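Asker: coordinates for the following, if possible.
(one chain, ligands or ions: 1)
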Amino acid sequence: MEWNLLAGAQLLFFGLGAWYFWRSSRRKGAGEGLRCEDNIVEMDKLMAMEETKLTEPLAEQTRPRTLEEIIGQENGIKALRAALCGPNPQHILIYGPPGVGKTAAARLILEEAKKREGSPFGAGARFVEIDATTLQFDERNIADPLLGSVHDPIYQGAGAFGNAGIPRPRPGAVCEAHGGVLFIDEIGELHPVQMNKLLKVLEDRVAHFQSSYYSSSNKSIPPYIHQIFRKGMPADFRLIGATTRSPQEIPEALRSRCTEIFFEPLDRTAVEKIAENSLRRAGVSYEEGLCGRIAAYAGGGRDAVNLVQSLTSLAWMEGKKKITARELEWAAEAGRYQPLYRQKIAKQPQVGVVNGLGVQGNGRGTLLSVEAVVRKGGNGLTVTGIVEEEELKNGQGTAKRKSNARSAAENVLTLLEQFGFSAQDFHVHLNFPGGVPVDGPSAGVAMFLAIYSAFTEIPVAHTLALTGEIGLHGQVLPVGGVEQKLAAAKEAGATKVLIPKQNWKESYHNLGIEVISVATVQELLSAAFLSEGAALSEGIDFLQEKEIG
Ligand SMILES: Nc1ncnc2c1ncn2[C@@H]1O[C@H](COP(=O)(O)OP(=O)(O)OP(=O)(O)O)[C@@H](O)[C@H]1O
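Answerer: Predicted coordinates for the structure are as follows:
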């Protein structure tokens with residue numbers, strides 16, 4: 001009997017002890033000032049939330065899982081591998097239009113680097129992602145998710161540390177990424193003060209913390225906090241910044257510390273492939289030719305994936321076994337997608353009409369038609385289809401200057417005098433149809449050829465496209481965006497492209513389009529006319545017959 005009583009008392013004692021420990025372990029999480037019961041209720045709510053799970057969104061399902069699944073960015077991926085996967089990884093800036101795979105590639109490259117022998121990234125190296133557009137600059141520095149902040153004792157809820165007057169450093173993303181990669185999407189949107197602080201962290205490889213509540217002689221401050229205030233917190237990571245801005249809009253101080261990598265706008269074939277992959281991953285069947293139709297609406301990979309997502313949901317809702325063009329039309333209409341205008345070359349050659357090449361604001365190359373009409377009598381130059389005066393904004397203010405395209409056209413007229421053309425005897429009208437923004441200098445060779453063709457009445461092949469700046473002495477000078485321009489020329493149906501000699505790359509042999517580099521206007525005229533059967537001398541003779549100049 002006595003034994004039973006003793007055992008019962010022991011059991012009760014043990015049960016009470018277990019209950020006490022369970023309660024106190026849940027109480028432990030409760031901050032100062034939060035009742036234990038409140039904590040329990042909130043904790044239960046949180047656990048219930050964690051148990052509720054929806055299915056994986058299609059955007060997640062279709063996200064590329066390997067670098068090989070990123071379509072149309074072979075050069076960018078190669079450059080990314082070279083910059084991050086070696087024994088000395090670099091900081092990187094990725095430029096490119098929206099939705100072409102910059103984030104997807106950045107997310108995958110660390111895993112690839114970890115597998116390489118000699119890589120300094122350990123198996124546990126973290127990929128920390130942050131979006132600069134969501135980072136608000138707080139000049140009081142109360143909370144800074146990027147660089148970290150100090151929770152000073154005055155703040156509400158400073159807890160036991162606050163009561164003891166201890167400032168507590170809170171690490172930001174720069175410290176969380178220590179030993180790994182910090183990816184900042186839309187890095188061009190960072191506030192200048194945050195940008196400068198980030199540069200300092202890149203330089204020092206530690207994040208420093210400051211607080212007016214910190215005193216090195218305060219004995220109640222734990223040693224680890226003393227160490228953080230004295231030496232900073234380690235922040236040795238590699239930065240990958242992505243931006244849709246152009247390099248000129250990114251601070252020079254950041255650019256000079258990074259390897260710059262360019263992701264291209266996706267052409268129709270690439271978008272078609274992305275749509276095909278997404279449809280396959282979504283596990284739906286679709287009618288033939290649907291992917292091509294999706295590419296007619298989608299400017300990039302993200303648009304293609306979003307359209308597939310809408311189509312899949314619609315098909316499911318309506319119990320359709322196969323997605324057809326009708327569903328696509330509905331989804332495009334509902335999402336306000338416009339069919340993309342992809343310019344094509346003309347059907348036949350014309351006198352005075354030439355295919356120039358340009359780069360639009362979104363980084364995509366474009367065909368740029370240039371038309372010229374030359375009339376005897378009159379004197380001068382009319383240029384239409386361009387902005388006559390340009391406003392330039394720089395750090396110091398705003399300046400106005402005559403349009404680049406107009407200046408380039410005037411240079412062309414001066415140069416044409418070498419070919420027997422006298423500006424006093426003729427009136428030249430140059431037109432840039434289509435409202436495409438014209439980057440004057442790089443359209444120089446196209447203007448030259450259009451006027452030359454109009455003047456000599458020799459038509460220019462409609463399958464020819466060209467880009468290059470023209471010097472007053474007939475040199476063809478290098479220009480930017482040649483890759484994008486070549487892609488646009490090919491997509492538009494051109495078969496031959498003339499580019500400046502200084503822009504030549506061996507890889508242009510393998511583009512599936514004839515690329516010819518020229519250094520002078522003489523070479524340009526030979527390449528443009530001779531192979532098409534019209535002799536250069538024919539043009540010169542023509543000029544001489546007209547007895548002008
Ligand atoms: N080149 C591509 N190859 C395969 N899928 C792509 C490609 N580009 C985009 N996608 C699809 O679109 C989604 C969004 O692309 P991502 O976020 O990488 O674009 P981004 O270039 O970083 O755009 P943003 O500048 O707007 O952040 C990807 O998860 C992927 O499913």
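Asker: make it CA atoms for all contacts and neighbour counts henceforth
Answerer: Noted.
Asker: and the host helix or strand of residue 306, how far out from the chain middle?
Answerer: Assessed by DSSP states H and E, residue 306 sits inside helix 301-317. Computed by CA atoms, centre = their mean, to the nearest Å, the chain-centroid distance of helix 301-317 equals 23 Å.
Asker: got the buried residues for it?
Answerer: By 16 or more other CA atoms under 10 Å, the buried positions in helix 301-317 come out as 301-312, 314-315.
Asker: distance of residue 92 from residue 367?
Answerer: Separation of residue 92 from residue 367 (CA to CA, to the nearest Å) stands at 31 Å.
Asker: for residue 216, same thing?
Answerer: Following CA to CA, the distance that separates residue 216 from residue 367 is 66 Å.
Asker: okay, the two: which has more neighbours?
Answerer: With neighbours defined as other CA atoms under 10 Å, residue 216 and residue 367 compare such that residue 367 has more, 27 against 11.
Asker: mind checking the SS state of that one?
Answerer: Secondary structure, DSSP: H, G, I helix; E, B strand; the rest coil: residue 367 is strand.
Asker: wait, is residue 499 part of a helix?
Answerer: No - counting by three-state DSSP, residue 499 is not found in a helix; it is strand.
Asker: that one: neighbour count?
Answerer: Neighbourhood size, residue 499 [other CA under 10 Å]: 27.
Asker: ok, it to residue 41 distance?
Answerer: 70 Å.
Asker: how about stretch 101-120 against the ligand, any contact?
Answerer: Yes - Stretch 101-120 reaches the ligand (CA under 6 Å from any ligand atom) through 101, 102, 103, 104.
Asker: output the residues you listed in JSON lines; the columns should cover neighbour count, distance to residue 485 and pLDDT.
Answerer: Output for the residues of stretch 101-120 next to the ligand, formatted as JSON lines (neighbours: other CA atoms under 10 Å; distance: CA to CA, whole Å; pLDDT from 0 to 100):
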{"residue": "101", "neighbour count": "27", "distance to residue 485": "20", "pLDDT": "94"}
{"residue": "102", "neighbour count": "26", "distance to residue 485": "21", "pLDDT": "95"}
{"residue": "103", "neighbour count": "20", "distance to residue 485": "24", "pLDDT": "94"}
{"residue": "104", "neighbour count": "17", "distance to residue 485": "25", "pLDDT": "94"}
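Asker: so residue 412 touches residue 448, yeah?
Answerer: Yes - using CA atoms under 8 Å, residue 412 makes contact with residue 448 at a distance of 5.6 Å.
Asker: neighbour-wise, which of the two wins?
Answerer: residue 448 (27 against 24).
Asker: where along the stretch 351-500 of the chain do the strands fall?
Answerer: 353-359, 365-376, 380-384, 389-394, 397-402, 426-431, 464-466, 469-470, 476-477, 496-500 (DSSP state E, counting those that start in this stretch).
Asker: contact partners of the third one?
Answerer: Residues external to strand 380-384 that are found in contact with it (CA atoms under 8 Å, 6 or more residues apart in numbering): 406, 410, 423, 424, 426, 427, 428, 429, 430, 431, 432.
Asker: would you turn those residues into TSV with neighbour count and pLDDT?
Answerer: Shown next, in TSV, are the contacts of strand 380-384 (neighbours: other CA atoms under 10 Å; pLDDT from 0 to 100):
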residue	neighbour count	pLDDT
406	22	76
410	18	83
423	21	71
424	13	76
426	18	82
427	18	87
428	23	88
429	17	90
430	24	88
431	19	89
432	20	85
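Asker: now render these as CSV, adding distance to residue 528.
Answerer: Output for these, formatted as CSV (distance: CA to CA, whole Å):
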residue, distance to residue 528
406, 24
410, 22
423, 23
424, 27
426, 24
427, 24
428, 21
429, 22
430, 19
431, 20
432, 20
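Asker: returning to what we had before: contacts with the ligand among the buried residues of helix 301-317, please.
Answerer: Filtering the buried residues of helix 301-317 for neighbours of the ligand using CA under 6 Å from any ligand atom leaves 301, 302, 305.
Asker: so can I have JSON lines of those residues showing pLDDT?
Answerer: Listed next are those as JSON lines, based on pLDDT from 0 to 100:
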{"residue": "301", "pLDDT": "92"}
{"residue": "302", "pLDDT": "91"}
{"residue": "305", "pLDDT": "92"}
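Asker: and those residues, which is closest to residue 192?
Answerer: The closest of those to residue 192 turns out to be residue 302 (CA to CA; 29.3 Å).
Asker: apart from its neighbours in sequence, what residue is nearest the closest one?
Answerer: residue 99 (4.7 Å; CA to CA, 6 or more residues apart in numbering).
Asker: near the ligand, which residues of the stretch 251-400 of the chain?
Answerer: 274, 301, 302, 305.
Asker: to clarify, my last question referred to the stretch 101-250 of the chain.
Answerer: Residues of the stretch 101-250 of the chain lying close to the ligand (CA under 6 Å from any ligand atom) are 101, 102, 103, 104, 244.
Asker: just checking, the first one touches residue 304?
Answerer: If I follow you right, that is residue 101. No - look at residue 101 against residue 304 with CA under 8 Å: they stay out of range, at 12.0 Å.
Asker: for whichever strand or helix holds residue 273, packing partners?
Answerer: Following DSSP H and E, one finds residue 273 within helix 268-282. Applying 3 or more CA pairs under 8 Å, 6 or more residues apart in numbering; DSSP states H and E, one finds that helix 268-282 makes contact with helix 58-61, helix 290-297, helix 301-317.
Asker: and these, which one is worst for confidence?
Answerer: Note on those: helix 58-61 shows the lowest mean pLDDT, a mean of 78.
Asker: mind listing what's buried along that one?
Answerer: residue 58.
Asker: what do you get for stretch 69-82?
Answerer: Across stretch 69-82, burial judged by 16+ other CA under 10 Å covers 70, 71, 72, 73, 76, 77, 79, 80, 81.
Asker: am I right that the second one is in a helix?
Answerer: This means residue 71. No - counting by three-state DSSP, residue 71 falls outside a helix, being coil.
Asker: now residue 309: closest residue in space that isn't a chain neighbour?
Answerer: residue 58 (6.2 Å).
Asker: so the one you found sits against residue 282, correct?
Answerer: Yes - Residue 58 lies in contact with residue 282 (CA under 8 Å); the separation is 6.9 Å.
Asker: roughly how far does residue 226 sit from the ligand?
Answerer: Distance, residue 226 to the ligand, using CA to the nearest ligand atom, to the nearest Å: 39 Å.
Asker: next, the residue nearest to that residue when sequence neighbours are not counted: secondary structure please.
Answerer: Of all residues not flanking residue 226 in the chain, residue 216 sits nearest, at 6.7 Å (CA to CA, 6+ apart). Under three-state DSSP, residue 216 falls in the coil class.
Asker: got the phi/psi numbers for residue 216?
Answerer: phi -70, psi -20 (degrees, to the nearest 10).
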